[in-house]
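> coordinates only, no sequence provided:
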């Protein structure tokens, strides 16, 4: 018997589900000062978020390494038992991940799914453990405000004005150990996203670009698993922020679905919009990962939420594609997490 | 019973191995004029390799789409039966893949492993089919000389002189349909690579940067599967080129292993170094993919080679990491392909 059970067009259930054994989170100074500040494992105190390094890129790599080591330590599993690592980031050619996890010497699969990468990594790590390919696997993603602004926008020294629809890239990294041993959080299924393109071209309104993909993945999850979305105590989107979340809720309502009473968005949760000047909310691969690890997973562990659909969303673009006039399609992957009593 | 059989530290064998059902290949003009020219499914005739588009990035995306459609057509499997797609390229934020496969509307996992991505995609597609997660999956990668020079080096208009150690990025895309139905090529195992860093920093000598990773993966494959490398009729590296191949053979000899009589490198095979002015050989995600699809796979189908180890190698760098003085580590994934009688 094989362990994957195809559900509908895009989803998988696991006959024997893998477990989320631990999460390691590390964030920068601004995130430490936000509403979730005290929940993170490690909090940078340096306003440049350099974590003892000389460049933002090195700092981001350092965060990935520390998040991985923290997750492994918390899992109680010896590092050399972690068979495969799935990781990615937002930088060109994924160098934050390559340089960050190099010293761990774990065989690795490099991923790119923009800000949906945490979902992609969790999906593949779960499939790998559930398929009997590994007893333990690591999933890690990161983003850094400094390296992301440099990669996608303007040199910080220009002090460019940000439109109100812009989001603030989270400085942070979240790592997760997935294993076959029982824990309090079961990864029971995944819905793999496809690319959804509404033709939007505004790279300063990522939430708007990604909302249709989140809508598509949530509706597909409902259809594939043949269950109403009321089955979830919470539906957690990655970093749609204020604008994208509003669009998502409207798109779902047009499809006859209302999740307003059970929806949260990591980009809205991680910062205090009123006092932290973060405009439309947080974003970046790290946003969903550290919010999941520090805030969502503990609630599932305690049984406060019995079943959660985690849907990080990514905007598929580069400065080159943007400058060439391409639209910014989105992608979102859905991960079903359940309290295991 | 689960289908993955862990072999040693990094490798997997499949209890029920998946099959490679078809390969679709498309290349540019220079590749069409090379030694393998007649073997490719589609050959660009335009010296700018634009494939009817206006930018090199769009052209690369167009190649990915056509390679996928060609592979699907050759497999005889209806497109809507292809459950998941694994794809990547060399461009920042993987836009060649995102823009290329968008219209296919297949749920997708975006990958980045530099020029090792074809191996990464084949490994994950095989694991997905063998794990019972999909009956059919697609693996696709691409590279384009124009978009790669723009991404990594100098504007082509500068006509910069290339050192003799530089490689020529292949304009091409290769796609593969992996499935559970029997064909003449069985994907019997994988060795997932880890990052290997000898501290080299010369981005104009990629072969030298990647050779240690190829050596590591080949030796690990031998150890994990507990068999001599004579078990393989051919060991096919991705794009080490002339310099990297020489280094690989020397490194292996230092470890007491000689594969010279059974080694080929796609970067040495795809161009005629004497007449095509390609210096140290071909490179790019597309190099290994189109050589595998057009030259290696047919030999395995015919039984000319019974067992092949395919080892595409990647150099993990970006212009930012290079400019910040980081070294260029390598990674290589090994795929075991066998003739199925």
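Everything's here; your move. Here the structure is a predicted model, which means the values were calculated and not measured.
> immediately after the helix or strand harbouring residue A:188, which helix or strand?
According to DSSP states H and E, residue A:188 maps onto strand A:185-191. Proceeding N to C from strand A:185-191, the next assigned helix or strand is helix A:206-225, under DSSP H and E.
> state the next helix or strand along the chain beyond that following helix.
Going down the chain from helix A:206-225, the next helix or strand is strand A:234-237, by DSSP H and E.
> list the buried residues in stretch A:43-51.
If you call a residue buried by 16 or more other Cβ atoms under 10 Å in any protein chain shown, then stretch A:43-51 has these buried ones: A:43, A:44, A:49, A:50, A:51. Every C-beta, even on glycine, is put in place using the N, C-alpha and C of the backbone.
> hmm, who's touching it?
A:26-29, A:31-32, A:37, A:56, A:58-59, A:62-63, A:66, A:144-146, A:171 (Cβ atoms under 8 Å, 6 or more residues apart in numbering or on different chains).
> in strands, which of the buried residues of stretch A:43-51 fall?
Among the buried residues of stretch A:43-51, DSSP state E puts residue A:43 in strands.
> if we take the buried residues of stretch A:43-51, which one ends up nearest to chain B?
Comparing the buried residues of stretch A:43-51 against chain B with Cβ to the nearest Cβ places residue A:50 closest, at 13.1 Å.
> which strands or helices does the strand holding residue A:188 pack on?
Counting contacts by 3 or more Cβ pairs under 8 Å, 6 or more residues apart in numbering or on different chains; DSSP states H and E, strand A:185-191 packs against strand A:11-14, strand A:19-27, helix A:117-130, helix A:206-225, helix A:297-302, strand A:334-339.
> quick one: it to chain centroid distance?
Going by Cα atoms, centre = their mean, to the nearest Å, the spacing between the C-alpha centre of strand A:185-191 and its chain's C-alpha centre is 15 Å.
> give me the residues contacting that strand.
The contact list for strand A:185-191, computed with Cβ under 8 Å, 6+ apart, reads A:7, A:10-14, A:17-20, A:122-123, A:126-127, A:178, A:217, A:220-221, A:224-225, A:297, A:300-301, A:333-340.
> count residues in the vicinity of the spatially closest residue to residue A:281 that is not a sequence neighbour, would you?
Among residues not flanking residue A:281 along the chain, residue A:241 sits closest, at 2.9 Å (Cβ to Cβ, 6 or more residues apart in numbering or on different chains). For residue A:241, the tally of surrounding residues (other Cβ atoms under 10 Å in any protein chain shown) stands at 32.
> same check, this time on the one 5 residues further on
Residue A:246 is surrounded by 16 other residues when neighbours are defined as other Cβ under 10 Å.
> tell me the secondary structure at it.
Of the three states, residue A:246 takes helix according to DSSP: H, G, I helix; E, B strand; the rest coil.
> before we move on, the earlier item: so which of the contacts of stretch A:43-51 sit within strands?
Those of the contacts of stretch A:43-51 mapping onto strands are A:26, A:27, per DSSP E.
> restrict the contacts of stretch A:43-51 to those near chain B?
residue A:58 (Cβ under 8 Å from any Cβ of the partner chain).
> noted, bye for now.
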